[in-house]
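J.: Show me how the following folds:
(one chain, ligands or ions: 2)
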Amino acid sequence: MRLARRRVRYPGGVRLPGRRGQARWGYHHATVAAEIDQRRPRPDEPGRDRGGIDHPGDHPRRGADRAARRSLGRTSGRRAARLRWRGARWSSGHRGRVREVTSPASSGNGRPAFEWVESYPLTNTLRLPASAERLLRLNDLSEATLATPVVADWLADAATRVVAGGSNVVFATPAIAQAVSVAADDWTASAAGDGRIDLSVEAGKGLDALVRETTARGWFGIEALAEIPGTVGAAPMQNVGAYGTEISDVTRWVETWDRRERRIRRFDPDACDFSYRSSRFKREAGRWLILRVGLRLSTQAPADWPPVDYPGVEEAVDRWSRRTGREREAISPAEYAEVITAIRRAKLPDWREGWPGSAGSFFHNPIVSEHVAERLALRWPGMPRFPVVGGVKIPAGWLIETVGMKGYRDGPMAVSARHALVLEHHGGATGPEFLQFAESVRHRVAEVTGIELAIEPECVTRR
Ligand SMILES: NC(=O)C1=CN([C@@H]2O[C@H](COP(=O)(O)OP(=O)(O)OC[C@H]3O[C@@H](n4cnc5c(N)ncnc54)[C@H](OP(=O)(O)O)[C@@H]3O)[C@@H](O)[C@H]2O)C=CC1
Ligand SMILES: C=C(O[C@H]1[C@H](O)[C@@H](CO)O[C@H](OP(=O)(O)OP(=O)(O)OC[C@H]2O[C@@H](n3ccc(=O)[nH]c3=O)[C@H](O)[C@@H]2O)[C@@H]1NC(C)=O)C(=O)O
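T.: Numbering: from 1, shown residues only. Ligands and ions are numbered 1, 2, ... in the order given. Predicted coordinates for the structure are as follows:
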């Protein structure tokens, strides 16, 4: 068996110690190490022999790795794993370091098909403290990899959470036990006739990166989703949308791993059951791991190009037109994406870095009945309202501003002074404190208007 080797970096960017050709932390050889991992006793497990587990300051498992490497050439991976396990010496004093790499097969992109990482810091745009005790990272999305028993078992376990870009989560707990993330991020495009372009995008691809790369080629379809954080895999979960475009508008299919039935399943748009900020994948929580998304873009502008119906967009496009001296119909998808980017940057904190942290819109825009909307409009005649399927949508940002909470601050937590639907974290708050702050906003809106806001991001608790 040819063994894949890979240098692994500490998420903070520090290369792990060790000399060339020597066993390193986070630099291991192809084994079924996940199986070892599941069998090995935890240092804190009562009544278990701690023999074989390193204590802080102990030497890393050089001897064990040498023995494993010697044996790897002439035994199966499973046997080698066991051999290594018998002699393995684990460090328990290196929290935050990548401690284990599994590479039963190399994926097409040269990376190990999957990897196990321990004490993995979970970046999130709210910048709340969070880590996963153990994370499975998938670099390869083939059925062979997903059906590997250790992978399929991990995915079938209800305690395993899917983590992605961290832009739509509130970590109510600083540590989750088990997680999985899709790192595979390739995409392909093929011409489908009449200027149509069909994309197949792996779930780990950043949504904004995809928008930039496709608009740069002059393709129309997802330019309004520019500057949105998160991954393509997370996008169908909540049917991400902005400025009049929802991902469902361009989705041809969503390919998933059925965590329960342990097989790949592909859904056409109807079967995805998309609605405002929701889908069957969100409703059937814990069942689906989204692997790939099929999107249809176009080399030709749509009839109503450029879309300017959304409040604020028309003015911004007209400003672009005056600045460039070109007709507004001449705006390219990439230029339109830049216009949207400027609008978003004026309203929302930068999700790429720095403070304050935020998760974009913190509440759903409530959809109320015609009757309720009428009642509210009697009291607030200028209330913005948008007829939608199922009722009338009222901007939650307007409700929060109307009850006087825009710019309200409580220690490190604030309602944005630029956009009332955005809650900000200025550093030092815990997840529960943040949720309590959100609850005070919710409570105030309910008290004054009678409308119960629903939290939009996913709340992550330990399970
Ligand atoms: N419109 C806007 O302006 C904004 C939109 N967003 C959108 O919010 C979403 C968050 O994205 P991101 O930061 O990457 O995700 P997150 O890391 O915030 O994950 C959010 C939840 O989505 C689920 N999830 C994520 N990826 C997958 C997958 N491949 N398969 C199955 N479930 C998955 C998980 O649910 P579970 O735990 O239940 O498994 C997870 O808890 C994106 O759609 C992003 O575009 C975010 C900010 C602003
Ligand atoms: C940021 C997110 O998505 C955003 C998305 O970017 C934008 C643009 O399409 O539209 C939604 O926000 P939104 O409804 O607040 O949109 P905006 O255009 O900013 O505001 C709508 C209206 O709310 C009112 N408003 C907003 C903010 C404020 O401080 N005060 C106020 O009165 C205004 O009437 C404004 O016209 C999405 N949010 C939801 C929950 O649907 C996200 O999901 O995280």
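J.: Every contact and neighbour count from this point should use C-alpha atoms.
T.: Noted.
J.: residues in contact with residue 359?
T.: Each residue near residue 359 by C-alpha atoms under 8 Å, 6 or more residues apart in numbering is listed here: 125-126, 167-170, 422-423, 457.
J.: and if you look at residue 216?
T.: Contacts of residue 216 (C-alpha under 8 Å, 6+ apart): 333-334.
J.: Same list, the contacts of residue 359, but only the ones touching ligand 1.
T.: 167-169 (C-alpha under 6 Å from any ligand atom).
J.: Most neighbours of all the residues you listed, which one?
T.: For these, neighbours were counted using other C-alpha atoms under 10 Å, and residue 167 has the most, 25 neighbours in all.
J.: Can you tell me which of the ones next to ligand 1 among the contacts of residue 359 is closest to ligand 2?
T.: residue 168 (7.1 Å; C-alpha to the nearest ligand atom).
J.: how about stretch 309-320, does it get close to ligand 1?
T.: No. Stretch 309-320 does not reach ligand 1 (C-alpha under 6 Å from any ligand atom); its nearest approach is 13.7 Å.
J.: got the CA coordinates for that stretch in PDB?
T.: C-alpha atoms of stretch 309-320 as PDB (Å, rounded to 0.1, in the frame of the first residue of the first chain):
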ATOM      1  CA  ASP A 309     -36.100  45.900  -7.100                       C
ATOM      2  CA  TYR A 310     -34.600  45.500  -3.700                       C
ATOM      3  CA  PRO A 311     -34.500  48.800  -1.600                       C
ATOM      4  CA  GLY A 312     -31.200  50.600  -2.000                       C
ATOM      5  CA  VAL A 313     -30.000  48.600  -5.000                       C
ATOM      6  CA  GLU A 314     -31.400  50.900  -7.700                       C
ATOM      7  CA  GLU A 315     -29.700  54.000  -6.200                       C
ATOM      8  CA  ALA A 316     -26.400  52.100  -5.900                       C
ATOM      9  CA  VAL A 317     -26.600  50.900  -9.500                       C
ATOM     10  CA  ASP A 318     -27.400  54.400 -10.700                       C
ATOM     11  CA  ARG A 319     -24.400  55.700  -8.800                       C
ATOM     12  CA  TRP A 320     -22.300  53.100 -10.500                       C
END
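J.: hang on, the earlier thing: can you list which of the ones next to ligand 1 among the contacts of residue 359 are found in helices?
T.: Assignment to helices by DSSP state H places none of the ones next to ligand 1 among the contacts of residue 359 there.
J.: Any chance of these in a markdown table with pLDDT and distance to residue 231 as columns?
T.: A markdown table is the format used below for the ones next to ligand 1 among the contacts of residue 359 (pLDDT from 0 to 100; distance: C-alpha to C-alpha, whole Å):
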| residue | pLDDT | distance to residue 231 |
| --- | --- | --- |
| 167 | 97 | 9 |
| 168 | 96 | 11 |
| 169 | 97 | 13 |
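J.: out of those, which are inside strands?
T.: Counting by DSSP state E, the ones next to ligand 1 among the contacts of residue 359 place residue 169 in strands.
J.: what would the ones next to ligand 1 among the contacts of residue 359 look like in TSV with distance to residue 361?
T.: As requested, those are exported to TSV (distance: C-alpha to C-alpha, whole Å):
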residue	distance to residue 361
167	10
168	9
169	11
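J.: between the ones next to ligand 1 among the contacts of residue 359, which is closest to residue 152?
T.: residue 169 (24.6 Å; C-alpha to C-alpha).
J.: List the beta-bridge partners for that closest one.
T.: Counting by DSSP bridges, residue 169 is bridged to residue 458.
J.: From residue 262, how far out is it?
T.: Distance, residue 169 to residue 262, using C-alpha to C-alpha, to the nearest Å: 26 Å.
J.: Which residue ranges of the stretch 151-300 of the chain form strands?
T.: 160-162, 169-171, 175-182, 187-191, 196-202, 241-242, 245-246, 251-258, 263-267, 288-298 (DSSP state E, counting those that start in this stretch).
J.: So residue 452, which state does it fall into?
T.: Secondary structure for residue 452, judged by DSSP: H, G, I helix; E, B strand; the rest coil, is coil.
J.: Hmm, it is touching residue 444, no?
T.: No. Here residue 452 does not reach residue 444: they are 9.6 Å apart, not a contact under C-alpha atoms under 8 Å.
J.: between these two, which one's more packed in?
T.: residue 444 (18 against 13).
J.: Skipping adjacent residues, who's closest to residue 396 in space?
T.: residue 365 (4.8 Å; C-alpha to C-alpha, 6 or more residues apart in numbering).
J.: Tell me the secondary structure of that neighbour, please.
T.: Secondary structure, three-state DSSP: residue 365 is coil.
J.: Quick check: it vs ligand 2, distance?
T.: 5 Å (C-alpha to the nearest ligand atom, to the nearest Å).
J.: how about the residues of the stretch 201-350 of the chain near ligand 2?
T.: Looking at ligand 2, the residues of the stretch 201-350 of the chain close enough under C-alpha under 6 Å from any ligand atom are 242-243.
J.: Residues of the stretch 201-350 of the chain that sit close to ligand 1?
T.: Going by C-alpha under 6 Å from any ligand atom, the residues of the stretch 201-350 of the chain near ligand 1 are 203, 228-231, 233-235, 238, 240-242, 285-286, 288-291.
J.: Which PyMOL command selects the buried ones in these?
T.: Of these, the buried ones go into a single PyMOL selection, burial set by 16 or more other C-alpha atoms under 10 Å:
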select buried, resi 203+228+229+230+231+233+234+235+238+240+241+242+286+288+289+290+291
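J.: Spit out the contact partners of the residue of the stretch 151-300 of the chain found nearest ligand 2.
T.: Closest approach between the stretch 151-300 of the chain and ligand 2, counting by C-alpha to the nearest ligand atom: residue 242, at 3.2 Å. When contacts are counted by C-alpha under 8 Å, 6+ apart, residue 242 touches 224-225.
J.: hang on, the earlier thing: can you report how many residues lie near the residue nearest to residue 396?
T.: With other C-alpha under 10 Å as criterion, residue 365 counts 22.
J.: do the same with residue 303
T.: Neighbours around residue 303, by other C-alpha under 10 Å: 7.
J.: That one looks like it's in a strand, true?
T.: No. Applying three-state DSSP, one finds residue 303 to be coil, outside a strand.
J.: and it, what pLDDT?
T.: Residue 303 is assigned 95 on the pLDDT scale.
J.: if I look at it, how far off is residue 199?
T.: Where residue 199 is concerned, residue 303 sits at a distance of 22 Å (C-alpha to C-alpha).
J.: got it, and residue 356?
T.: Following C-alpha to C-alpha, the distance that separates residue 356 from residue 199 is 35 Å.
J.: what ranges do the helices span in the stretch 201-350 of the chain?
T.: 207-216, 269-272, 280-283, 313-324, 333-347 (DSSP state H, counting those that start in this stretch).
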